[in-house]
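1. Okay, structure incoming, though there's no sequence with it:
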């Protein structure tokens, strides 16, 4: 019998709660699992709580990291209908952490990413005093550039975790397991950029395993700051001015990259 980890809306959900909060988490986990992703198993879900299999804990090792990278590549390759598509069967609100996340769908990545993954978090960051006017202007310029399609490529929508920071990768005796997704159709480089942003252990081995399955497009390292705008914007909206500063710095790097 599985041991249970129970989260309640009162303790884990957004301010004021939301009836879709745990349904979105469960749908994301199941959608990723359907692609073979190593994710925590959903045991039970309701409006007020979700029950997940309780994971054990182990030290990360190179073999587990490489296997995780390979599994992540296969998950991405399972795809999504469009950029911004929600998990199959979920028609309610999406979330990233405790903040709402858009499920408006697009045919092109750049417009989707700028309009639905970066811009919605700028006003809250400004209102909180965590984003300066100068940094806000730089992010807006970067968003216009991204929306124009300058970074678009032939990559199809990937099935991404969407909130793949280090804390959402749990190392167990059976390998790495992902938790707390903000799953949607996005660009595969976004998940990898988030792993890099918050310092995932053995990232080099994860990337090596990933490229064993699906090599990354040349120059992906140069685009890391492009894909980090989203998590930085989300954090700038509620986690302090250091994230606003980092967001402005990343936006200026994006503008410099476009200028060549």
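-> Nice, I can see it. Here the structure is a predicted model, which means the values were calculated and not measured.

2. just so I have it, where are all the helices in the stretch 151-260 of the chain?
-> 188-197, 203-213, 224-236, 241-259 (DSSP state H, counting those that start in this stretch).

3. so which of the ones you listed comes closest to residue 182?
-> Closest to residue 182 of the helices of the stretch 151-260 of the chain is helix 224-236 (C-beta to C-beta; 9.0 Å). No exception for glycine: its C-beta is placed from N, CA and C like everyone else's.

4. Check which helices and strands the closest one sits against.
-> Packed against helix 224-236 by the contact rule (3 or more C-beta pairs under 8 Å, 6 or more residues apart in numbering; DSSP states H and E) you find helix 122-127, helix 133-147, helix 188-197, helix 241-259.

5. Between the helices of the stretch 151-260 of the chain, which one is closest to residue 114.
-> With C-beta to C-beta as the criterion, residue 114 lies closest to helix 224-236 of the helices of the stretch 151-260 of the chain, at 8.5 Å.

6. Report the angle between that closest one and helix 241-259.
-> If you take axes from the mean of the first three to the mean of the last three C-alpha atoms, to 10 degrees, helix 224-236 sits at 150 degrees to helix 241-259.

7. just how off-centre is helix 224-236 within its chain?
-> Distance of helix 224-236 from the chain centroid (C-alpha atoms, centre = their mean, to the nearest Å) equals 10 Å.

8. again with stretch 127-147
-> Relative to the centre of its chain, stretch 127-147 is centred 20 Å away, using C-alpha atoms, centre = their mean.

9. again, but for stretch 140-154
-> 19 Å.

10. pLDDT on it, on average?
-> What stretch 140-154 shows for mean pLDDT is 96.

11. How about stretch 115-127?
-> Averaged across stretch 115-127, the pLDDT comes to 97.

12. who touches that stretch?
-> 84, 99, 102, 104, 106, 131, 133, 136, 139-140, 142-143, 146-147, 186, 229-230, 233-234, 236-238, 243-244, 247 (C-beta atoms under 8 Å, 6 or more residues apart in numbering).
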